[in-house]
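Q: next comes the sequence, and after it the predicted model I'd like to discuss.
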Amino acid sequence: MNDFENIKLSKQLKRALDEQGIAEPTVIQRKSIPSMLAGHDVVGIAQTGTGKTIAYLLPILRDLKYSDQRPPRILILVPTRELVVQVASEIEKLTTYMSVRTLSIYGGTNINTQKKAVYEGCDIVVATPGRLYDLAMTGLLRLKDIQKIVIDECDEMLNLGFRPQLQRIFDLLPTKRQNLMFSATITQDVDDLIATFFRKTEKIIAAPTGTPLSSITQSAYRAENFNTKFNLLKSLLEKDESIDKTFIFVKSKALADRLHDLLENDFPEQFGVIHSNKSQNFRLRMVREFKEGKLRGIVATDLVSRGIDIENVSHVINFDIPDQSEQYMHRIGRTGRVNQQGIAMSFITEKEEADFNAIENYMNQKVDIFDLPEDVTISKELIPEEEERDIHDAPTILKASHSVGDGQKDTPSTKVKKKENYRPRDKSNKKIRKKRKRRK
């Protein structure tokens, strides 16, 4: 398949593609669309930003016939509410000149409103697994008419613990159906899911995680600490007006808020912030304003490093270096999407060098690392998080903390420790002692 003419799209779909400026298929689209149109179960391995959403939507929409039946015929499962909104938006753009009813289902909203929408009927459901299963269990949402199911960002879905819900959803589906899956990586969990629920599948590899997109130019700067990193960021933003649509990633919610406050002082109302402590409506508003060009950038935790598809992101700045190499790939994948050019910059402290070396090994690619520009002030002042980290780096008898989300760490327990030879009292002896007292 060299172009979209080969797959006999309707005039309505062609017109929608033309209006979006989509003229030629990407690699994942060329490789996967013919197999999907042939009715095969397909597993596509590709990073975000390679055009995989359109890869599965075009065959689905080409074959979807008009119907006024209530139960849905297409089910698309994604891991997050933000991705539900994104995929539904993509469907809306592609079906501008078609009569297709799409329903978005995700948690954090009134389930009764969604019940009403389900009752009114739809052709395509885009949903997160948890809320979809809740609605299916009410008996209102029937899944026995599903002809095709898509599991998008499957590896992330399993990482978030959705395996039980997926299993129960598959049990509600008809045996005769087409299964489509897209994932950035093939983990053992993903392989197990394929073996359990898919028929003979075609695995199509386009751009797996670990393969940096050639359209992304990567570079890095050495910086001593948070405040020095901020001085560097401020200098870059003041000098380079091309940094006009950028994601700035940090490790934790606290650091996201701290960095956003500093940016707000120097660049009022130009930057937003997104992390899991922000409400759903707030996060969606930030994304909308960013898409509309009202914001120059968004400070974010890794909550948005996967799934959210925003066109024409010029830069990704890793203000902190993630300790997982795959997370770095997901972050920089926000730019350089669908054959557009993008720039990824990383700020590295001495303590982060080992993580960055691991990232380079993972990519099998060296990144140019530059010293701090002479006009950037080196700060000796540490923020509280850095001072705490210095203390924690020293030998300690406390157990290491573990991640609880968005890079936040559990703090060691403040409960009083029991004495080493402490033995709990046997409460059953109380009654015996009381009886002995009475005898006296």
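A: Now that the structure is in, tell me what you want to look at. Numbering: from 1, shown residues only.

Q: low-confidence stretches in the stretch 251-400 of the chain?
A: 304-309, 338-339, 388-400 (pLDDT under 70).

Q: which stretches of it form helices?
A: Secondary structure of the stretch 251-400 of the chain by DSSP state H, counting those that start in this stretch: the helices cover 253-266, 280-291, 325-332, 353-363, 384-393.

Q: how far away from the center of its chain is stretch 91-102?
A: 25 Å (Cα atoms, centre = their mean, to the nearest Å).

Q: what about that stretch, average pLDDT?
A: Averaging pLDDT along stretch 91-102 yields 96.

Q: and the contacts of it?
A: 10-13, 15-17, 19-20, 54, 57-58, 61, 64, 66, 88, 121-126 (Cβ atoms under 8 Å, 6 or more residues apart in numbering). From N, CA and C alone the C-beta is placed, and that goes for glycine too.

Q: recalculate using a threshold of 6 Å.
A: Contact with stretch 91-102 is made by Gln12, Arg15, Ala16, Leu57, Leu61, Tyr66, Ala88, Cys122, Asp123, Ile124, as judged by Cβ atoms under 6 Å, 6 or more residues apart in numbering.

Q: also stretch 170-183?
A: Residues outside stretch 170-183 that contact it (Cβ under 6 Å, 6+ apart): 39, 41-44, 52, 56, 136, 143-144, 146, 148-152, 154-155, 190, 197-198.

Q: what's the pLDDT at Leu160?
A: So Leu160 comes in at 88 (pLDDT).

Q: walk me through the domains of the chain.
A: Domain assignment for the chain, taken from automatic domain parsing, gives 4-207, 216-379.

Q: would you list those in a markdown table and tack on distance to Glu386?
A: Listed next are the domains of the chain as a markdown table, based on distance: least, Cβ to Cβ, whole Å:
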| stretch | distance to Glu386 |
| --- | --- |
| domain 4-207 | 29 |
| domain 216-379 | 6 |
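
Q: any idea which of these gets closest to Glu387?
A: domain 216-379 (10.2 Å; Cβ to Cβ).

Q: what about the closest one, distance to the chain center?
A: Distance of domain 216-379 from the chain centroid (Cα atoms, centre = their mean) equals 15 Å.

Q: ends of that domain, how far apart?
A: The straight-line separation of the ends of domain 216-379 (Cα to Cα, to the nearest Å) is 30 Å.

Q: now stretch 149-164
A: The first-to-last residue distance of stretch 149-164 comes to 17 Å (Cα to Cα).

Q: buried sites along that stretch?
A: By neighbour count on 16 or more other Cβ atoms under 10 Å, the buried set for stretch 149-164 is Ile149, Val150, Ile151, Asp152, Glu153, Cys154, Asp155, Glu156, Met157, Leu158, Asn159, Phe162.

Q: tell me how far stretch 45-53 lies from the chain's centre.
A: From the chain centre to the centre of stretch 45-53 is a distance of 13 Å (Cα atoms, centre = their mean).

Q: got it, and stretch 110-126?
A: 24 Å.

Q: what comes into contact with it?
A: Under Cβ under 6 Å, 6+ apart, the answer for stretch 110-126 is 70, 72-76, 84, 87-88, 100-105, 140-141.

Q: what about these, which are in helices?
A: Among these, the ones falling in helices (DSSP state H) are Val84, Val87, Ala88.
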